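[1] Structure of the sequence below:
(2 chains)
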Amino acid sequence: DSGVTQTPKHLITATGQRVTLRCSPRSGDLSVYWYQQSLDQGLQFLIQYYNGEERAKGNILERFSAQQFPDLHSELNLSSLELGDSALYFCASSLSGGTQYFGPGTRLTVL
Amino acid sequence: TQLLEQSPQFLSIQEGENLTVYCNSSSVFSSLQWYRQEPGEGPVLLVTVVTGGEVKKLKRLTFQFGDARKDSSLHITAAQPGDTGLYLCAGAGNFGNEKLTFGTGTRLTIIP
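    Residues are numbered from 1 along each chain as shown, chains lettered A, B, ... in the order given. Just a heads-up that it's a prediction; the model follows:
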């Protein structure tokens, strides 16, 4: 158990819909990272927050957004969903940088 | 764009054999992490290497970071069925650029 929690575990929705994925970092960790894992693209970095502020952006679509709240939990919002958005979404946390610990992931299926 | 190439992509060997997985890049990383991932679960950290030339041992697993901090290897001695899984290397940049760039992965199967 990494100490990072993610909800929900599974999510099934239809094209065009909007979903929110939630992540709680390890106790004391200030940085939260979001990654997407698909069969053809592997693990890809989406976005990083540090202590409530956006720190780095990766290959994140404009339809996707994230935020980190004062209690340091984070949410990833995915809108106007397409079939190709089906993937595993992982959250990771670290103290400030350095070693990242991953949550169990949310499996998103868009039908 | 930083890329990490892992080889081999797939490896299937008999229990008791030794194996090495390679992780190569043209970019320099401040640190490199190795993870193992089971199907449907998150990557689990095995080790972090930081210093060029560093060697770390974790029971039957030996990790090495290249002198130039561009490449790494994972050597498993006397592989066991419990070693089966997807092995991922991931490189991190310096402070302010801590995102992980993941390798292409090596799917290892140990046959009893």
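
[2] B:Val50 is in contact with B:Ser30, correct?
    Yes - B:Ser30 is in contact with B:Val50 according to CB atoms under 8 Å; the separation is 7.3 Å. Every residue, glycine included, has its C-beta placed from N, CA and C.

[3] Now tell me which helix or strand of chain B has the poorest mean pLDDT.
    Ranking every helix and strand in chain B by mean pLDDT, DSSP states H and E puts strand B:100-102 at the bottom, with a mean of 89.

[4] Show me what counts as buried in the helix or strand that that one is followed by.
    Counting by DSSP states H and E, the element after strand B:100-102 in chain order, helix or strand, is strand B:106-111. Under the neighbour-count criterion of 16 or more other CB atoms under 10 Å in any protein chain shown, strand B:106-111 has B:Thr106, B:Leu108, B:Ile110 buried.

[5] swap in stretch A:6-18?
    Using 16+ other CB under 10 Å as the test for burial, stretch A:6-18 gives A:Gln6, A:Leu11, A:Thr13.

[6] Write out the residues of chain A neighbouring chain B.
    With CB under 8 Å from any CB of the partner chain as the criterion, chain A meets chain B at residues A:2, A:4, A:31, A:33, A:35, A:42-45, A:48, A:55-56, A:58, A:88, A:90, A:92, A:94, A:97-105, A:107.

[7] PyMOL command to pick out the buried ones of these?
    This is the PyMOL syntax for the buried subset of the residues of chain A next to chain B, where burial follows 16+ other CB under 10 Å:
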select buried, chain A and resi 2+4+31+33+35+42+43+44+45+48+55+56+58+88+90+92+94+97+99+100+101+102+103+104+105+107
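
[8] Chain B: helices as residue ranges?
    Assigned by DSSP state H, the helices in chain B number zero.

[9] ignore the last one, chain A
    Along chain A, counting by DSSP H, no stretch forms helices.

[10] Of all residues in it, which one is nearest the centre?
    The residue lying closest to the centre of chain A (CA atoms, centre = their mean) is A:Trp34, at 3.5 Å.

[11] show me what contacts it?
    By CB atoms under 8 Å, 6 or more residues apart in numbering or on different chains, A:Trp34 lies in contact with A:Cys23, A:Phe45, A:Leu46, A:Ile47, A:Gln48, A:Ile60, A:Ala66, A:Ser74, A:Leu76, A:Tyr89, A:Phe90, A:Cys91.

[12] for A:Asn59, same thing?
    Contacts for A:Asn59 (CB under 8 Å, 6+ apart) come out as A:Gln36, A:Gln44, A:Phe45, A:Leu46.

[13] Among those, which one sits closest to B:Gln9?
    Nearest to B:Gln9 among these, counting by CB to CB, is A:Gln44 at 17.6 Å.

[14] Next, the contact list for that closest one, please.
    Contact analysis of A:Gln44 by CB under 8 Å, 6+ apart lists A:Tyr35, A:Gln36, A:Gln37, A:Ser38, A:Gly58, A:Asn59, B:Phe102.

[15] burial measure for residue 21, as a count.
    This is for chain A. Close neighbours of A:Leu21, defined as other CB atoms under 10 Å in any protein chain shown, add up to 21.

[16] should've been chain B
    B:Val21 has 22 neighbouring residues, counting by other CB under 10 Å.
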